[in-house]
Structures are given as structure tokens and as C-alpha cells.
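Trainee: sequence-free structure coming up:
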């Protein structure tokens, strides 16, 4: 298990990990047609722009020579929480779920955010994603009652904001 900072050469790999992870992790939670039609390169341009502009940091975790997961994080994009850090996304290839890779990525990002001077961090979790909610709760995050509503293929969904404070964390 090796963690490396992503470079401008990595957006295709990052996007592929996102797509494979979403298709597995969100099965039964998001519309199947949406998941079936989700292209591997869906996030390439977003990550290319973020990495070029240095607005989001992305870490990749490797098993041998293959990238098997990634986490994206940085300064809060929510104007209501200035001075906060944000975990934008964390995804693993499905065969690496539950093997400690996600914990290692999350810990590396939190360490980085703490060094950067953030006292608080947030992320969004799909309301019906019980596995993800338990993962974040085990890692010190708590739901703060904020929700965000959105639609996918005209179906309503809600994300829940989970928060983490270095002041109360045992890391």
C-alpha cells in the first residue's frame, strides 16, 4: 500500500476509479440506468482542471503498481463554511472495499488538512448509503443535520453533511 499525490497525468485513472466504484457502491441506491451509462471518463475534465489549478489535492493509493483508490480534498467549496476543509470524494475499486485502503486514504487526507491549518472538515454522504455513513462514523465524523437535495434522472436524492473536528478527534 503506497499513497502518492496525483499529477496532471492521472485524471483518467482517477475518473476510472470513480466510475467503477460508483457502479458497485451505489447499486440499488441510484438509478441503474444512470450507473449503466456512467462513462469511465466522466470526471476527467473536472479533475484535470482541479489538479492544474491546484484547487483540490488528490491522493492515489496503490497495490503493487496499480492505482486502486483515490481521495480528493481541499478548501471548502461551501461559502457557508469558510475556513473549513472538505473531502470532495473518496473511491476505491470494488475489489478493495473493506480492506483498509479507504481508511488509509482518509487518514492521509485528514493529516494533510490538519497540517494545512484546518480545524474542521466536512463531506457529503448519500443519505441511503449506510455503508459509507458507518465508515465515516468509525473515523470520527458525525452528521450535523445539514442536507442537500438533488436529482438524478428526475429521481430525488439527499446528501447528508458529515463533519470532523480536529479539536475533538483522537488522532
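Mentor: Great, that's in hand. Keep in mind the model is a prediction, meaning the values are calculated, not measured.

Trainee: tally of neighbours for residue 31?
Mentor: With neighbours defined by other Cβ atoms under 10 Å, the count for residue 31 comes to 14. In this view, the C-beta of every residue, glycine as well, is placed from N, C-alpha and C.

Trainee: The residue lying farthest from the centre of the chain and residue 21, how far apart?
Mentor: Largest separation from the mean C-alpha position in the chain: residue 154, at 23.8 Å (Cα atoms, centre = their mean). In this view, residue 154 and residue 21 are 24 Å apart by Cβ to Cβ, to the nearest Å.

Trainee: State the distance from the residue positioned nearest the centre of the chain to residue 71.
Mentor: Closest residue to the average C-alpha location of the chain: residue 89 at 1.6 Å, with Cα atoms, centre = their mean. Look at residue 89 and residue 71: by Cβ to Cβ, they are 7 Å apart.

Trainee: And residue 141, by the same measure?
Mentor: Distance from residue 141 to residue 71, by Cβ to Cβ: 14 Å.

Trainee: Show me which of these two is the more surrounded one.
Mentor: Neighbours per residue (other Cβ under 10 Å) separate residue 141 from residue 71, with residue 71 holding more: 28 against 23.

Trainee: can you give me the helices in this structure?
Mentor: 11-25, 32-37, 44-53, 101-115, 130-138 (DSSP state H).

Trainee: Just say which of these is most tucked in.
Mentor: Sort those by mean neighbour count, taking mean count of other Cβ atoms under 10 Å, and helix 11-25 sits at the top with a mean of 20.

Trainee: Work out the gap between that helix and the centre of the chain.
Mentor: Remark: helix 11-25 is offset 11 Å from the chain centroid, using Cα atoms, centre = their mean, to the nearest Å.

Trainee: Run through the neighbouring helices and strands of it.
Mentor: Applying 3 or more Cβ pairs under 8 Å, 6 or more residues apart in numbering; DSSP states H and E, one finds that helix 11-25 contacts helix 32-37, helix 44-53, strand 57-63, strand 66-75, strand 85-92.

Trainee: Identify the residues contacting the residue nearest to the centre of the chain.
Mentor: 18, 70, 71, 72 (Cβ atoms under 8 Å, 6 or more residues apart in numbering).
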